[in-house]
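Colleague: 3D model of this:
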Amino acid sequence: MDSPKIHDKNANAAGRRDSPSLPEFAELKHRLHRKLVERLTRERLAELDSPQARPEIRATIAHLVEEEQSHLGSWSKELAIDQVLHEVLGLGPLEPLMEDPTISDILVTTPERVYIERSGRLIKTPVRFKDNAHLQRIIQKIVARVGRRVDESSPMVDARLPDGSRVNAVIAPIAVDGPLLSIRRFPEPMVAEDLVRAGTLNLEMLELLAAAVRAKQNILISGGTGTGKTTLLNALSAFITEDERIVTIEDTAELQLKQDHVARMETRPPNIEGSGAIKERQLLINALRMRPDRIIVGEVRGEEALDMLQAMNTGNEGSLATIHANNCRDAVRRLELMVSFANPNIPLPAIRQQISASVHLYVHISRLRDGSRRITQITESLERDDGAVVLRDLMVFEKRGVSRRGTVEGSFRATEAVPAFLERLRGEGDFPEVEESPCGEGVSWVHEARLSTFQPKKETSL
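Modeller: Residues are numbered from 1 along each chain as shown. All right, here's what the predicted structure looks like:
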């Protein structure tokens with residue numbers, strides 16, 4: 001299957017009659033950028049982020065282009081102005097990629113190798129940096145905007161841009177072939193209806209998960225990097241009622257909850273002296289003092305797992321979190337390992353008993369070979385007297401093969417197991433009907449009467 005082509009003005013510049021060669025064009029941009037910095041006063045440089053500065057800077061660049069007395073046509077002149085403007089006010093060669101809403105990831109491996117992810121597929125682009133120094137200058141500009149630093153003493157940085165994009169940068173001496181840059185884009189969050197349309201899950205799965213959220217089941221979403229764990233978490237959070245107080249804890253703020261009463265907290269890295277760091281574990285302990293109805297942890301990755309389990313098992317029901325794992329069983333094993341790191345003196349049977357009593361539902365989401373995302377397991381945790389963690393699949397995605405077009409074919413299937421938390425729904429009464437469906441046309445808000453029609457062995461093909 002052919003990869004989609006990336007349109008880049010720089011790559012096409014040399015192909016026009018009124019354009020110089022690419023090396024000449026790159027050198028022209030370098031001269032224009034140098035002259036512009038020399039011409040601008042220090043006061044104006046400090047005001048570059050102001051929206052009012054853009055027309056003035058553009059006019060100055062246009063004047064510098066005319067001073068060059070080069071044989072550029074009008075198209076090449078406009079291109080040169082745009083590129084220098086991106087260099088001064090934006091992210092240089094990355095600016096056109098940042099403006100493309102269809103791109104989910106921008107990955108810079110070397111100055112000459114820039115990749116993007118679109119629709120789950122990696123694509124090499126014609127975007128280029130002049131050299132390592134040019135790429136590192138753009139990285140410094142990115143991290144400076146958010147008050148972070150990256151240098152030899154601190155060669156790795158993880159930051160969040162004002163638009164919500166997540167940035168990770170690594171420079172020498174850790175980066176061997178030059179600076180490494182990864183930008184994870186976060187478009188408008190997908191709602192449950194969008195996930196059904198995309199084939200991530202079917203309506204029966206959505207009803208089951210919506211009911212679990214409304215019944216205040218503690219849910220752990222597992223999956224690999226880039227599988228859509230945060231997207232799914234955002235979608236499921238929509239089923240939390242407006243009269244509940246939600247506290248979110250994240251390493252880098254990515255969640256976009258729609259409720260009004262949301263208290264958001266984010267970890268803090270150490271300062272230049274190596275002190276002042278605030279970790280997720282500290283935020284979890286503090287969250288318990290904030291009178292939360294629900295606690296949502298963006299990602300569990302360390303010692304905070306122990307505090308999260310304790311919070312889930314001491315009155316803060318209905319908590320949601322994500323974890324990196326290959327499947328639901330591996331998610332349990334990772335929890336066991338992280339809790340043992342937090343307190344090595346806790347015996348393994350006690351850890352398993354805590355996990356079994358705390359996490360009610362595991363949801364595993366995978367990115368398949370064709371780039372699509374699918375919920376492959378919805379698994380219930382059953383508590384036993386001996387404390388062992390017993391997992392029981394409620395719904396699964398069964399792959400049948402790969403089509404000639406390279407798409408993965410398969411179907412969602414309900415097992416014969418009936419969710420144990422349905423008894424809890426019956427005890428609390430029906431959920432009210434609403435006129436507008438949050439799950440798509442023809443699907444009512446989840447309530448006991450609707451769930452009583454849950455049909456095992458029902459298959460839904462993609």
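
Colleague: next helix or strand past the helix or strand containing residue 211?
Modeller: Using DSSP states H and E, residue 211 maps to helix 203-214. Heading C-terminal from helix 203-214, the first helix or strand you meet, by DSSP H and E, is strand 219-223.

Colleague: Skip ahead from that next one and say which helix or strand is next.
Modeller: Immediately after strand 219-223, counting by DSSP H and E, sits helix 229-237.

Colleague: from the middle of its chain, how far away would the helix holding residue 211 be?
Modeller: 22 Å (C-alpha atoms, centre = their mean, to the nearest Å).

Colleague: Averaged pLDDT, that helix. What do you get?
Modeller: Across helix 203-214, the average pLDDT comes to 89.

Colleague: okay, the angle between that helix and strand 219-223?
Modeller: 130 degrees (axes from the mean of the first three to the mean of the last three C-alpha atoms, to 10 degrees).

Colleague: so where's the longest strand in the protein?
Modeller: strand 389-402 (DSSP state E).

Colleague: Mind listing the strands that strand pairs with, and their directions?
Modeller: Strand 389-402 pairs in its sheet with strand 373-383 (antiparallel), strand 408-414 (antiparallel), by DSSP bridges.

Colleague: Give the closest residue to residue 348 in space, chain neighbours not counted.
Modeller: Among residues not flanking residue 348 along the chain, residue 336 sits closest, at 6.9 Å (C-beta to C-beta, 6 or more residues apart in numbering). Just so you know, the C-beta spots here come from the backbone N, C-alpha and C atoms, and that holds for glycine as well.

Colleague: I should have written residue 166 there, sorry.
Modeller: residue 184 (4.2 Å).

Colleague: neighbours of the nearest residue to residue 403 once chain neighbours are set aside, just the number please.
Modeller: Spatial nearest neighbour of residue 403, excluding adjacent residues (C-beta to C-beta, 6+ apart): residue 409 at 5.6 Å. Neighbour count for residue 409, taken as other C-beta atoms under 10 Å: 13.

Colleague: Now do the contacts for residue 409.
Modeller: 399-403, 462 (C-beta atoms under 8 Å, 6 or more residues apart in numbering).

Colleague: one more time with 7 Å, if that's ok
Modeller: 400-403, 462 (C-beta atoms under 7 Å, 6 or more residues apart in numbering).

Colleague: Secondary structure element holding residue 116?
Modeller: Following DSSP H and E, one finds residue 116 within strand 113-118.

Colleague: The next helix or strand after that strand: how far from the chain's middle?
Modeller: Heading C-terminal from strand 113-118, the first helix or strand you meet, by DSSP H and E, is strand 121-125. When distances are taken as C-alpha atoms, centre = their mean, strand 121-125 is centred 18 Å away from the chain's centroid.

Colleague: After strand 121-125, which helix or strand is next? Please name it.
Modeller: Next along from strand 121-125, by DSSP H and E: helix 132-145.

Colleague: Let me see the mean pLDDT of that next one.
Modeller: Helix 132-145 comes out at a mean pLDDT of 87.

Colleague: Show residues contacting the very next helix or strand once past that helix.
Modeller: Following helix 132-145 in sequence order, the next helix or strand is strand 156-160 (DSSP H and E). For strand 156-160, the surrounding residues in contact (C-beta under 7 Å, 6+ apart) are 143, 146, 148, 150, 166-170, 174, 252-253.

Colleague: again, 6 Å this time
Modeller: 143, 146, 148, 150, 166-170, 252-253 (C-beta atoms under 6 Å, 6 or more residues apart in numbering).

Colleague: and if you look at stretch 253-268?
Modeller: Residues contacting stretch 253-268 (C-beta under 6 Å, 6+ apart): 160, 189, 230, 234, 237, 242, 245-251, 278-280, 283.

Colleague: same deal with stretch 228-245?
Modeller: 189-192, 195, 209-210, 213-214, 221, 223, 254, 256-257, 259, 261, 292-294, 320, 322, 365, 373.

Colleague: how about it: buried residues?
Modeller: For stretch 228-245, burial by neighbour count (16 or more other C-beta atoms under 10 Å) applies to 228-240.

Colleague: Take the residues you listed and write them to JSON lines, including pLDDT and distance to residue 109.
Modeller: JSON lines is the format used below for the buried residues of stretch 228-245 (pLDDT from 0 to 100; distance: C-beta to C-beta, whole Å):
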{"residue": "228", "pLDDT": "89", "distance to residue 109": "23"}
{"residue": "229", "pLDDT": "93", "distance to residue 109": "24"}
{"residue": "230", "pLDDT": "90", "distance to residue 109": "24"}
{"residue": "231", "pLDDT": "90", "distance to residue 109": "25"}
{"residue": "232", "pLDDT": "93", "distance to residue 109": "29"}
{"residue": "233", "pLDDT": "94", "distance to residue 109": "29"}
{"residue": "234", "pLDDT": "91", "distance to residue 109": "29"}
{"residue": "235", "pLDDT": "92", "distance to residue 109": "32"}
{"residue": "236", "pLDDT": "93", "distance to residue 109": "34"}
{"residue": "237", "pLDDT": "93", "distance to residue 109": "34"}
{"residue": "238", "pLDDT": "91", "distance to residue 109": "37"}
{"residue": "239", "pLDDT": "92", "distance to residue 109": "40"}
{"residue": "240", "pLDDT": "93", "distance to residue 109": "40"}
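
Colleague: any idea how far residue 175 lies from residue 338?
Modeller: Remark: distance between residue 175 and residue 338 (C-beta to C-beta, to the nearest Å) = 28 Å.
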